[in-house]
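Peer 1: dropping the sequence and predicted coords here.
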Amino acid sequence: MIQAVLADDEVLARQKLRQLLREIPEIEVAGEGATAAETIDLVRATNPDLLFLDVRMPDMDGFDIVGELSNGSQSLPCIIFTTAYDRYALRAFEINAVDYLLKPFTLERFRAATERALQQIKAKQQNPHAHAAKSQNGSPYTTRIVFKSKGRILFLPVSEICWIGAEENYVRICTQSETHLLRETMAHLEEKLDPSTFLRVHRSSIVNLQYVKEVRPEVDGEYGVLLNNGQKISMSRSYRSRIKYWLDR
Amino acid sequence: MHPAIFIGAAVSLGCLFALQEWISSRFWNYQIHLGLLLQAWGVQYFIWGVICWVIWWKLSPQINNATLRTMLTFFLPLSIAVGVFEEMIWILIFPTLPHGRPPMPYWRRLAFVLDGEMIDNIVLFWCAFFLFRGLGYYQRFREKERAESQLQSQLVQAQMRALRMQLNPHFLFNTMNGISSLMRSDVQAADLMLEQLSRLLRITLHRGEAQFITLSDEMEFIEMYLAMQDRRFAGRVRQQMSIDPHLHDAIVPTMILQPIVENAYAHGLSKLNSEGLLHIEATSDGSRLCLSVTNNGLGLHLTPPNGKSKGVGLTNVQDRLRMHYGDNHSFSITEIKNNTVQVIVKLPLQLSERPIEKSTRYGVS
C-alpha cells in the first residue's frame, strides 16, 4: 500500500483529495496537514511515498516545505503540487515534482497524475538506486517536458507523445488524446529527444516509434508512416533508410 | 522657472543697452569707458532679473488672474515701488555716479536718477508683467491640451474594456447554469465543465488588458470554448478548423472570433438536431488576413437583414474592428448556400515578432 500525505490549508481542498483518492485503491491517506509545520512533522513521522502539496500555505510555501524536508535524513516523497497558481510550475518542474495540478482539477486529470506517481514509486521500490544512477550518468535526452496549454500546466512524459508536426514557428505535439501547439523549433526539440525512440521521418515531422504500426508504400512511390491510432504521416525519401533500419531491428 | 533664466536674460539685455550707449557716445565724440558702462548697466539689469524672478515666483498666480482693478490698485503702486527700490539699491552700489558731477548726498542722487529713469522702470515692470501673463496663458493652454488628449485615450480604453466585458458575462452565466444543472444529474460532467471553465478564465486573466494577441492564442481560447460547446450540444455539431501554419503568429484583436462563433451557435447550430457543421478558417493573400466562420444552421432568412438582429456580439466585433483599423478592414455576413452562413473578417496582416518563447522546459525524471 502506498502512503500519502495531504497538505492544504483549506479543509474543502483536503476533502476533495480524500474523495478522489477513494477511487484509487492503491493509495492510503496517512494524514493531513493544514499548515507547513504540521505537514513537515507529519511527513517526518509517517515517511510517506507521496505528498500532495499546496503551494500557498499560511506559514511557509510549498517549496519551503520541500526544502525543509530534503534537509532531513529521510528520502523525499514523490510530490504532486495542487494549487490555484500557475506561476510556480517551472519551479515545481525543476525540483522534480511528479505533476502540477491546477485547481479545480477533474478526476481524470488527478488519476493521470497519481498513476505517474505510482509508476515512479514502484520503480523506486524495485530498484532504490536507479534514480541516483540515472542522474549520475546524466542522460542527454529529456524524458519529460513542461508547458502551458489551453489553461493547464502539463508535465508531459515524452513517452506519451505519438508524433510531432512542424507548423512554421510552432510545433504541434500530438498525444493519443490531445494536441498542443507550442512555440518551439523542430530542430531544438529533435535535439532533446532520444533518437532511439523519436525519429525524424520528414522535414516537418517526428514520430515516436512506439506508436508506429507500419510503414507502407503510397501510390506515388512515396512512403507513409501509419500510427497505431490510424493516423498517416508522410515520409520523405531522405529519411526512409533511417526508419527501415529501426523497423528491421 | 529657474532664477538663472531671469537673471541671465536680464543681464544680457543690460549688456546690450551698455553697448548701445557706448556706441552712441562714441558717435557724439564723448569718451566713456566701455567697462564702466557694462558694469553700471549689468548691475542694474541684474537687480531687475532678481526682482522679476521674485515677482514670478511669488506673484505669478495673481498676475494671471489680475483684473483691471487689481492692476490699478495693486500692480500700479507696486510698479512704482519696485522702480524706486531698484534705483535705491543701484545707487548704493555705485556711489560715484553720476559722472562729472560734484559729489552729492544719497537722497539727491536718488532724486536725480529717478527723474531720468522712473518712466523706463515702470515700463520695464509692465513689460515683465504682460510677458508673465502671456506665459501663464500659454502654460495653461498646453496643460489643457494635454489633459484633453489624456482624457481621449482614457475614453477609448474604457470603451474597449466595456466592449470586451460584454462578451464574457452572459457566456459565464450560461455555463454556470449548465454546471448547476449537471450537478444534479452527472457529477463527473459538472466537474469537467467546471474545470474547463476555469481553464478559460485562466487564459482570459492571463491575457489581462492586451488589445491584441496572436492568432494561436486566440485559437487556443476558441478550442477550449468549442470543447465546452461540444459538450453542451452533445456531438450534434462537427467542428473543423483549418489554420494556415504561417498565420499562427498573425496579430488579431483579442476575442475577435469568440463572438462570431458564439453567434453561429446561438442563431444557427443550436437550432439543428443533427449534422451541424462549424468551419473556422484562417487564410492570407499576402497582405491581408482572412478569417472565416461558416455554419450550416438556419440561414439568414429567418432573421431580418438589419443590424439589430445581429445582437450585441457581432455589433461589438464590428465596433472594435472599426476602432482598431478604421476603414482598413472588412466584415461581411452572407448566406453562401442554402442555410449556410459565412462571416468573413479581413484585416491587415501583421505578424508578431516575439522570439521563440522559453516557457517550454525539458527535464529528466
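Peer 2: Perfect, I can see it now. Quantities reported herein were computed from a predicted structural model and do not represent experimental measurements.

Peer 1: tell me which helix or strand in chain A has the weakest average pLDDT.
Peer 2: Ranking every helix and strand in chain A by mean pLDDT, DSSP states H and E puts helix A:130-137 at the bottom, with a mean of 48.

Peer 1: moving C-terminal from that helix, which element do we reach first?
Peer 2: strand A:144-149 (DSSP states H and E).

Peer 1: pull up the pairing partners for that next one, direction included.
Peer 2: Under the criterion DSSP bridges, strand A:144-149 sits next to strand A:152-157 (antiparallel), strand B:361-363 (antiparallel) in its sheet.

Peer 1: residues touching that strand, excluding its own?
Peer 2: A:86, A:89-90, A:93, A:100, A:153-158, A:180-182, A:192, B:220, B:359-365 (Cβ atoms under 8 Å, 6 or more residues apart in numbering or on different chains). Just so you know, the C-beta spots here come from the backbone N, C-alpha and C atoms, and that holds for glycine as well.

Peer 1: near chain A, which residues of the stretch 101-250 of chain B are found?
Peer 2: B:188, B:191-192, B:194-195, B:198-203, B:206, B:216, B:219-220, B:223-224, B:245-246, B:248-249 (Cβ under 8 Å from any Cβ of the partner chain).

Peer 1: what about the residue in chain A positioned nearest to chain B, how many residues nearby?
Peer 2: Proximity of chain A to chain B (Cβ to the nearest Cβ) peaks at residue A:151, 2.8 Å away. Residues near residue A:151, counting by other Cβ atoms under 10 Å in any protein chain shown, number 22.

Peer 1: do you know the pLDDT at it?
Peer 2: With respect to pLDDT, residue A:151 scores 88.

Peer 1: excluding its backbone neighbours, what's nearest it?
Peer 2: residue B:199 (2.8 Å; Cβ to Cβ, 6 or more residues apart in numbering or on different chains).

Peer 1: for the one you found, give me phi and psi.
Peer 2: The phi/psi pair for residue B:199 (degrees, to the nearest 10) reads phi -60, psi -40.

Peer 1: next: residue B:281.
Peer 2: In terms of degrees, to the nearest 10, the main-chain angles of residue B:281 are phi -140, psi 140.

Peer 1: ok, which stretches of the chain are helices?
Peer 2: Just going to use chain A. A:11-21, A:36-46, A:62-71, A:89-94, A:107-126, A:130-137, A:186-192, A:237-248 (DSSP state H).

Peer 1: I was after chain B.
Peer 2: Counting by DSSP H, the helices of chain B are B:3-27, B:34-65, B:68-70, B:76-93, B:106-185, B:187-207, B:215-232, B:258-267, B:311-325.

Peer 1: now those in TSV, please, with extra columns for mean neighbour count and distance to residue A:29.
Peer 2: As requested, these are exported to TSV (neighbours: other Cβ atoms under 10 Å in any protein chain shown; distance: least, Cβ to Cβ, whole Å):
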stretch	mean neighbour count	distance to residue A:29
helix B:3-27	15	77
helix B:34-65	17	74
helix B:68-70	9	85
helix B:76-93	16	88
helix B:106-185	13	26
helix B:187-207	18	20
helix B:215-232	20	32
helix B:258-267	21	42
helix B:311-325	17	47
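
Peer 1: domain parsing for chain A?
Peer 2: A:2-135, A:144-248 (automatic domain parsing).

Peer 1: can I get those domains in CSV including distance to residue B:238?
Peer 2: Listed next are the domains of chain A as CSV, based on distance: least, Cβ to Cβ, whole Å:
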stretch, distance to residue B:238
domain A:2-135, 24
domain A:144-248, 17
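
Peer 1: worst average pLDDT in the ones you listed?
Peer 2: When I compare the domains of chain A, domain A:144-248 is least confident, with a mean of 88.
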